[in-house]
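> I would like the atomic coordinates for the input below:
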Amino acid sequence: MKRVATILLVLFLATVLCGEHEKNRFHFQESQNTPEYKEKIAAQIKESKENKLKGINVSDDEKLKIHIVSHSHDDVGFKKTLDQYYSGSNEMVVRAGVQYILDEVIQHLDEDPTKRFVYAEMAFFTRWWDEQNEDMKNTVRRLVTNGQLEFINGGWSMNDEATTYYEDIITNMQKGHQFLLEEFGVTPNVGWHLDPFGHSNAQAALFSRMGFDAWYFCRIDYRDKEKRRDESNLEFLWTPFLEDRGDKDSIFTHITYDMYWGIPNFYFGDSRTEDPIVPGFTLDQRLDEFASWVYTFKDTFKTNNIFIPFGGDFNYQNAATIFINLDRLIKYANERFSDMDVFYSTPNTYIEEVMKTEGVEWSTNYDDFFPYADDKESYWTGFFTSRANQKGYIREASRQYMASNQFLAIEAVKKVIDSDKLAKQEVLEDALSIAQHHDAATGTSKQFVADDYIDYLYNGIKASEEAQTEIMTDLIDPSLDWTFCDVKNGTLDDCAIMKSLSEGKKVVVSIANPSTMRRTNEIVHFEIPNDVEIQVEDFYSPDVAVKGESYSIKNSDLDTDLRTYWTLLVDEVDSLATRSYVLSPTPKSPSSGVDNGLKTDSDVKFDFEITDDSIVSIHYTKCSQECQSLDFEFEYRYYTSYEGKGQKSGLYIFRDEGAGQTSQSYNTIVDFHIQKGDIASVMHLRGDKVDSRVVINNYADVPFATVTSDVHGIEGEHGVEVTVNFRTEKVTSDRFYTDSNGMIMEERIINQRKHYDLTDLQGFEVVSNFYPVNSAITLRDDTNQFTILNDRAQSGTSLRSGEIEILIHRRTTFDDDRGVEEPLDERNSDNSTISVQIQHQVIGATIESLHKENYNEVKRLQRAINEEPLQVFYSKVPESAPQERSSLKCPSLPNNIKLVLKVLDSQRVMARIYNMNEHFDNLTEPTSFDLSTLVNLVANLRQEGEGFSVTEWNLSLNKQVTSSSKINWSITDGKATFEGEKFETGVGNYFDLGSQEMRSFIFNFGETSPNQVVE
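Sure, this is the predicted structure:
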């Protein structure tokens, strides 16, 4: 009895100590946990052992090939900061030091050529690599060359898939892949996403375009995994973006039987409690345990290859203990079982062996794996919004990185690449890549770790702003002292325009367009002093008419809380160019002040209603050549976080009180101000819990409203989940659409999943229907479309026809038992709860009016507002008259074609083109593109006679297209078969760019030959 109790205790400890994100160690399959099934497995074990004793062995082709894959899952921040995890410090939180893991593993690989190990996170590996001497580096290079050390995935971090933007995913992967190519000459072929909390179509497509033949992951809905186990469907061909790309982005997919730490009771070392593998009275029992799992896996997968990961969070600090046990397991299992070949392997080797299996038909998958639930009470839909300010700051860093890259590339083409500016830009690239980690972008880390991510981003943004200010000084006017202005934050530290104006000084403001879209009739806001009026004129052409106007708002009943903003109408800015204005302050006349009335204008009507002191209805009509309207209402609501028995709401999990609970009104409007100007119609609402502002650009081609929500800190003893609900009467539909990492739109239907039946929903009807929203959520019927664009990752749904609900702020008082061991309770330095400022663009129009010449207006707005917003720089007015600056002469590309530029090193610049059109907008016809457009641009910017070459590369820039190879598949009636390898070839200057297609080119200025495109 004492022995039984000890075993039960060991199994319990193995369960609770294993995975930092899981409350349960292992999820057993019901159909494989019956007496009948266990008897069948026992019989197989007995037969295999008896045959071995009799000398009866199955042929090598028929043997089960057991791939033992050693790995360590090293979070780039979670319970400790990245630096603490690397150094091993702060052991009071958790014992983990990546430098010691790599030291130990490299030593054991060097001592035994049969051992193999895989590693994924380059943010850690590069730190370790930089500390090694040349002898150790040569040792590592040898281990990589002979296949003992294999780099998989290879991104700077293992990015999240629910809350990340596609551009940032590419940045993260490119950074790691460039390091591996430069140091080892290797190009990872396998994706390794074992821990992210759900998986997206965009991620599958991007991995395929990076040259990955396959990828591995673990976390899908528990009902989906049970169904796939029963149907032997944990491996399949994922074909994302089918309607746009056909099978071009197909990628073989392996979902692990359970999680990434292998099988129960075989974890070994690093504070584990299970029995070791040693000769003696327990050896047979341990081998039988292992064999029972092998045969269970055999019944679940389609080939005789069995993939078993051995590792977990920060494993192999005590590598000797783990490797000794694995050595013995391999040795004795091969000696005892007639039908097993157990060996150290890698994910790449496993895929190669699987592809050798003839006659296997694989199912195909076309949909994503959101939301993730690991049991019937636990829907991981809260982290889509958790730490809203951090998510907003990540997106702000992304916009800064993309914009500064564009202008740095233009300067780099014009003259020698400035290594100092490039180094400053790399500070932001490092921080932004770290922030894509699946415990950073998600907000699922301890508070002090989240603060550390913010510090990284702050330092990166400031370094990039310094570099960009230097760049813009050269591009705009070197005679002026330009400063970057963060108009969104608007404080004196971020933008000192207000300080200069308050001193009566004129200011030159330059608006920079980081896009290859020509920008027209956009508005820019920044705060100005309350006691001045502004006169504005074009800096270089004073006779050109410029439109600008001010509006004022009050944040309380106090006159001291009056704030005044200047609205500048930027009528035109060419692609990758600037437009400069002079702002001249004059004292405000006594009659000026807050305007609470509506100015009349026959072309624009702006009406509103406030119902129940909480619901705001907007009615906007603009008539020029034809009348266009925007009608919607919005209000703020909340759910009470579940805090009872069982699963509680927390950082990861969103759980309301259920039992038919609907959300309740959250905010009471206490005051409002309306101002109707020539440029913009503005409504400011002050509430007891949320202040909001609605701004409509009267010059926009299609009317849209920008709704800014200032959500006060959430107080009280209980957790609160705050939503903003937008409603329209013009769209009636039982489905809605959310974006996939900013790329295509995915169809969602309430209470339905395409992979499996959605059961056990009682009490979870709300939280089970929230999905990740990175850029857009849409309602649409045959005639009308209603879209909300958001400025950061959020959780969203449409529970009722005509309504969009977005979770914008959260505070919980309990931990949700997924490893962080903290509630989501963010505080300021004075211990007050944090506030959040969020923006949404509301677009409601007929589908016909949104469709322009080969692009959709919603996609253009998404790009213009949330990807490539106009930037503001300012300077004091010079004493002498300015000289007209020559234009950069950058061609404007079609609005559906996005050009991304990036300086790679002292001799190379990348240019990536992307056709943003997609089937959702019924825009799938390819767009003709002439590569000579880019070549001529570069040639015009270069000095006379300076040559360069142009080559095409894959998405992560580690394989030239002419030499890249990828697994080829044949798909018939939804079944896929392996067809061997195919080779992509380059093309000439002129080609068609299909919907959702990306192509990347590298301009090499180290070439001295005449300008040429290398196919």
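> can you tell me how far the residue most central in space within the chain sits from Tyr458?
Nearest to the centroid of the C-alpha atoms of the chain, with distances taken as Cα atoms, centre = their mean, sits Thr164, at 1.1 Å. Thr164 sits 19 Å away from Tyr458, going by Cβ to Cβ, to the nearest Å. Yep, even glycine has a C-beta here, placed from its N, CA and C like the rest.
> next one: Asn856
Taking Cβ to Cβ as the measure, Asn856 falls 35 Å from Tyr458.
> again, but for Pro276
47 Å.
> returning to what we had before: contacts only, for the residue nearest to the centre of the chain.
Applying Cβ atoms under 8 Å, 6 or more residues apart in numbering to Thr164 gives the contacts Gln436, Ala441, Asn741, Asn774, Ala793.
> Point me to the helix or strand that includes it.
In the assignment (DSSP states H and E), Thr164 maps to no helix and no strand.
> try the one 10 residues further on
Take DSSP H and E as the rule and Gln174 turns out to sit in helix 166-184.
> So for that helix, what gets flagged as buried?
By neighbour count on 16 or more other Cβ atoms under 10 Å, the buried set for helix 166-184 is 166-181, 184.
> following that helix, which helix or strand shows up next?
Next in sequence after helix 166-184, counting helices and strands by DSSP H and E, comes strand 190-193.
> quick one: low-confidence parts of the chain?
1-28, 269-273, 488-494, 555-561, 590-602, 659-660, 880-889, 943-946, 963-988, 1007-1015 (pLDDT under 70).
> could you point out the longest strand in it?
In the chain, with assignment by DSSP state E, the single longest strand is strand 627-640.
> Whichever helix or strand comes after it packs against which elements?
Using DSSP H and E, the helix or strand that directly follows strand 627-640 along the chain is strand 664-665. Counting contacts by 3 or more Cβ pairs under 8 Å, 6 or more residues apart in numbering; DSSP states H and E, strand 664-665 is packed against strand 627-640.
> in the strand it packs on, what's buried?
Per 16+ other Cβ under 10 Å, strand 627-640 contains these buried residues: Gln628, Leu630, Asp631, Phe632, Glu633, Phe634, Glu635, Tyr636, Arg637, Tyr638, Tyr639, Thr640.
> Equivalent analysis for stretch 66-85, please.
Neighbour counts over stretch 66-85 (16+ other Cβ under 10 Å) mark 66-82, 84-85 as buried.
> And for stretch 450-457?
Within stretch 450-457, the residues scored as buried using 16+ other Cβ under 10 Å are Ala450, Asp452, Tyr453, Ile454, Tyr456, Leu457.
> The helix holding Gln174: how far from the chain's middle?
Offset of helix 166-184 from its chain centre (Cα atoms, centre = their mean, to the nearest Å): 15 Å.
> Tell me the helices and strands packed up against that helix.
Counting by 3+ Cβ pairs under 8 Å, 6+ apart, helix 166-184 packs on helix 122-130, helix 201-209, helix 388-414, helix 419-434.
> any idea which of those helices is most buried?
Of the helices and strands packed on helix 166-184, the one with the most neighbours on average (mean count of other Cβ atoms under 10 Å) is helix 201-209, at a mean of 27.
> Which elements pack onto that one?
Helix 201-209 is packed against helix 166-184, strand 251-255, with contacts defined by 3+ Cβ pairs under 8 Å, 6+ apart.
> In the protein, where's the longest helix?
When the chain is parsed with DSSP state H, its longest helix is helix 447-476.
> Tell me which stretches of the stretch 451-600 of the chain form helices.
Applying DSSP state H, counting those that start in this stretch to the stretch 451-600 of the chain gives helices spanning 497-502.
> correct me, but Ile669 touches Met683?
No: using Cβ atoms under 8 Å, Ile669 is not in contact with Met683, being 10.9 Å away.
> what residues are shared contacts of those two?
By the contact definition Cβ under 8 Å, 6+ apart, Ile669 and Met683 are jointly contacted by Val616.
> how would you label Ile674: helix, strand or coil?
What DSSP: H, G, I helix; E, B strand; the rest coil gives for Ile674 is strand.
> which residues does the residue nearest to it when sequence neighbours are not counted contact?
Leaving aside its sequence neighbours, Ile674 sits nearest to Met683 (Cβ to Cβ, 6 or more residues apart in numbering; 5.2 Å). Residues counted as contacts of Met683 (Cβ under 8 Å, 6+ apart) are Phe606, Phe608, Val616, Ile618, Phe672, His673, Ile674, Gln675, Arg693, Val694.
> For the stretch 51-200 of the chain, just list every one of the helices.
Under DSSP H, counting those that start in this stretch, the stretch 51-200 of the chain gives helices at 82-87, 98-111, 122-130, 134-145, 166-184.
> show me the residues around Leu993 that make contact.
Listed by Cβ under 8 Å, 6+ apart, the contact partners of Leu993 are Ile897, Ile913, Asn915, Pro926, Thr927, Ser928, Phe929, Arg999.
> Can you give me the neighbour number for Gln44?
By the criterion of other Cβ atoms under 10 Å, Gln44 has 19 neighbours.
> Now neighbour count and secondary structure too, for the contacts of Leu993, in a markdown table please.
Shown next, in a markdown table, are the contacts of Leu993 (neighbours: other Cβ atoms under 10 Å; DSSP: H, G, I helix; E, B strand; the rest coil):
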| residue | neighbour count | secondary structure |
| --- | --- | --- |
| Ile897 | 20 | strand |
| Ile913 | 21 | strand |
| Asn915 | 26 | strand |
| Pro926 | 13 | coil |
| Thr927 | 21 | strand |
| Ser928 | 10 | strand |
| Phe929 | 20 | strand |
| Arg999 | 21 | strand |
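> and the residues you listed, which two are the farthest apart?
Greatest spacing in the contacts of Leu993, by Cβ to Cβ: Ser928 and Arg999 (13.2 Å).
> and His619, what element?
Assigned by DSSP H and E, His619 falls within strand 615-623.
> got a list of contacts for that strand?
Strand 615-623 is contacted by residues 602-611, 627-635, 669, 681, 683, 685, 692, 694, 696, 698, 703, 705 when judged by Cβ under 8 Å, 6+ apart.
> check contacts around Gly802.
Shown in contact with Gly802 (Cβ under 8 Å, 6+ apart): Arg727, Thr728, Glu729, Lys730, Val731, Thr732, Leu779, Phe786.
> quick revisit: so the helix holding Gln174 versus helix 388-414, what angle?
Relative orientation of helix 166-184 versus helix 388-414 (axes from the mean of the first three to the mean of the last three Cα atoms, to 10 degrees): 60 degrees.
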